[in-house]
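**Student:** Give me the fold of what follows.
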Amino acid sequence: MLKTLRNALRVEEIRKRLLYTFFVILVVRFGSQLPIPGVDREYLASVFANSTIDAFNFFDAMTGGSFANCSVFALSITPYINASIIMQLLTIAIPKLEEVQKDGEEGKKKINKWTRWMTVVLALIEATAMAIGFGNQMIVDYTWYNVVVVVLTMVGGSAFLMWLGEQSTEKGIGSGISLILLVNILARIPDDFATLYTAFVSGKNILLALLAIIIILAVIIGMVMFVVLLTDGVRKVPVQYAKRIQGRKSVGGQTSNIPIKVNTAGVIPVIFASSLMSFPAIIAQFFNVDYTTTGGKILLALQSSSWCRFTADTWYYSFGLILYVVLIVAFAYFYTSVSFNPTEIAENMKKQGGFVPGIRPGKPTAEYLNHILNYLVFFGAVGLIVVALIPIVASGVFNIGSISFGGTSIIIIVGVVMEDLKQIESKMLVRYYKGFLND
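**Tutor:** From the prediction side, this is the model:
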């Protein structure tokens, strides 16, 4: 990786893109520290510190601490991510949208435009709910003027990050939206390591402290390596194209393959499952909820901070962990089913004269691809569950508080870094090809 970066810095175009990317990172972190006018940040911090539920931890991790700081980037790019996912699902569910998406560059521009508008609408809804909630908690002086200021600031910050991410995609390295998400996650790592240090190293004798450091590093490195394998894991289905005569030329006859990723859905199932289970508790935070009642205990069972704490009064909350696992598997199959269509791939192969060796073209090929996809999705979901549960189990068993660096965060970090490195390598490869042709 370091060798790739050193070689990339020697190329002027890539060097400019890297500098622009670095500038975007500075802007994102600077904006994450700018407070929203009219918000009592100290009182907000005390409210979160005294909260019995960590429903905001996942959201705060995705915003790089901007939400807890109540900065102008409090919503970050989460509205854009949600809008993109919703639009992607709608293009599968609504035939007219699917036709627009397939309409080349013009269709792509229309989809992007509608995604931006949906981002603003979602940001407006989220900001309004938060502003009202802040008013009920007396975090904001509850007047119409202050509520409007908070809403417009949050929506404007989210819209600006969306624009900045698109600019970074065009002028920087990799996907700008993914870059902003990566920066936000990395910003929380020092706090997580401080939590681990306090729980396992501080106050211990030298040998125990050293052993704890070695184990923590081994677990983190092992998780990163596992995620790399999970992200890069591919099942290649061989495809043979029959020879055919076009004019005086014989075309076809070559062998290709269909790469199917083991983790076809990426980190989406974990995000969906975490968001769905956190949503009721986030709403409850703005009301006076009695957590000793049946409804309150159900809310606690939906929170990862209540899992794996095996005491007489809290062990039954861990049943929420089972629901979490089921949701990850269900969303993995659901998202894969709407993003990968074996029937369409089989029909396209048949039209082009392609076939899988030993499998008849058409419906048998679609069934064969669907069979492979089903067990790949299962193994991918199991991999996601293992990575997602390690920090949750560690947090519950050792009572060390919430850790954002783990599970979802590692999957996002590894995925974005690997994608950016691949883009740098591809740009360097194109440059060398150009140089060869120019010679």
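**Student:** low-confidence ranges in the stretch 201-350 of the chain?
**Tutor:** For the stretch 201-350 of the chain, the stretches flagged by pLDDT under 70 are 243-253, 282-283, 285-289.
**Student:** could you redo the last one with a cut-off of 90?
**Tutor:** 201-209, 211-213, 215-325, 327-328, 330-350 (pLDDT under 90).
**Student:** how about the helices of it, start to end?
**Tutor:** For the stretch 201-350 of the chain, the helices defined by DSSP state H, counting those that start in this stretch cover 206-232, 268-284, 294-301, 319-339, 342-351.
**Student:** closest one to I411 among those helices?
**Tutor:** Judged by C-beta to C-beta, the one of the helices of the stretch 201-350 of the chain that comes nearest to I411 is helix 206-232, at 5.5 Å. The way it works is simple: take the backbone N, C-alpha and C, and place the C-beta from them, glycine included.
**Student:** who does the closest one touch, helix- and strand-wise?
**Tutor:** Packing partners of helix 206-232 (3 or more C-beta pairs under 8 Å, 6 or more residues apart in numbering; DSSP states H and E): helix 189-200, helix 363-398, helix 408-438.
**Student:** So which bits of the shortest one are buried?
**Tutor:** For helix 189-200, the buried set under the neighbour-count rule, 16 or more other C-beta atoms under 10 Å, comprises D192, T195, L196, A199, F200.
**Student:** export the residues you listed to TSV and tack on distance to L26?
**Tutor:** What follows is those, written out as TSV (distance: C-beta to C-beta, whole Å):
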residue	distance to L26
D192	22
T195	26
L196	28
A199	32
F200	33
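**Student:** Out of those residues, which two sit at the greatest distance?
**Tutor:** Maximum distance among the buried residues of helix 189-200 (C-beta to C-beta): 12.4 Å, for D192 and F200.
**Student:** Closest one to L124 out of the buried residues of helix 189-200, please.
**Tutor:** Closest approach between the buried residues of helix 189-200 and L124, by C-beta to C-beta: D192, at 31.8 Å.
**Student:** separation between the closest one and V325?
**Tutor:** Using C-beta to C-beta, to the nearest Å, D192 is found at 23 Å from V325.
**Student:** Report the secondary structure state of S76.
**Tutor:** Look at S76: counting by DSSP: H, G, I helix; E, B strand; the rest coil, its state is coil.
**Student:** ok, and the closest non-adjacent residue to it?
**Tutor:** T63 (3.9 Å; C-beta to C-beta, 6 or more residues apart in numbering).
**Student:** quick one on the thing from earlier: dump the buried residues of helix 189-200 to TSV, plus pLDDT and distance to T294.
**Tutor:** Below are these laid out as TSV (pLDDT from 0 to 100; distance: C-beta to C-beta, whole Å):
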residue	pLDDT	distance to T294
D192	78	34
T195	78	32
L196	80	35
A199	78	32
F200	80	36
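**Student:** Out of those, flag the one nearest to G176.
**Tutor:** D192 (24.9 Å).
**Student:** now stretch 362-371: how far from the chain's centre is it?
**Tutor:** With C-alpha atoms, centre = their mean, to the nearest Å as the basis, stretch 362-371 stands 30 Å off its chain's centre.
**Student:** swap in stretch 312-330?
**Tutor:** Here the centre of stretch 312-330 is set off from its chain's centre by 22 Å, with C-alpha atoms, centre = their mean.
**Student:** residues in contact with that stretch?
**Tutor:** Outside stretch 312-330, the residues that touch it by C-beta atoms under 8 Å, 6 or more residues apart in numbering are 269-270, 272-274, 276-277, 297, 300-304, 306-310, 378, 381, 384-385, 388-389, 392, 396.
**Student:** With T21 as the reference, measure out to V387.
**Tutor:** According to C-beta to C-beta, V387 stands 27 Å off from T21.
**Student:** So for the two, which residue has more residues nearby?
**Tutor:** Using other C-beta atoms under 10 Å, the more surrounded residue of V387 and T21 is V387, with 24 against 18.
**Student:** just checking, that one touches M223?
**Tutor:** Yes - V387 is within contact range of M223, at 6.1 Å (criterion: C-beta atoms under 8 Å).
**Student:** need the contact list for G165.
**Tutor:** For G165, the contact set (C-beta under 8 Å, 6+ apart) comprises I77, Y80, S175, G176, I177, L179, I180.
**Student:** Would you indicate which residues of the helix or strand hosting it are buried?
**Tutor:** Under the criterion of DSSP states H and E, G165 resides in helix 144-171. For helix 144-171, a neighbour-count test (16+ other C-beta under 10 Å) marks 146-147, 149-151, 153-159, 161-162, 164-166, 168 as buried.
**Student:** rewinding a little: list just the one of the helices and strands packed on helix 206-232 that sits closest to L89.
**Tutor:** Among the helices and strands packed on helix 206-232, helix 363-398 comes nearest to L89, with 16.8 Å by C-beta to C-beta.
**Student:** Rounded mean pLDDT for that closest one, please.
**Tutor:** Per-residue pLDDT over helix 363-398 has a mean of 85.
**Student:** Enumerate the positions of that helix that are buried.
**Tutor:** For helix 363-398, a neighbour-count test (16+ other C-beta under 10 Å) marks 365-366, 368-369, 372-373, 376-377, 380-385, 387-392, 394-396 as buried.
**Student:** do stretch 170-189 as well
**Tutor:** Under the neighbour-count criterion of 16+ other C-beta under 10 Å, stretch 170-189 has 172-188 buried.
**Student:** gap between the two ends of it?
**Tutor:** When the termini of stretch 170-189 are compared using C-alpha to C-alpha, to the nearest Å, they are 28 Å apart.
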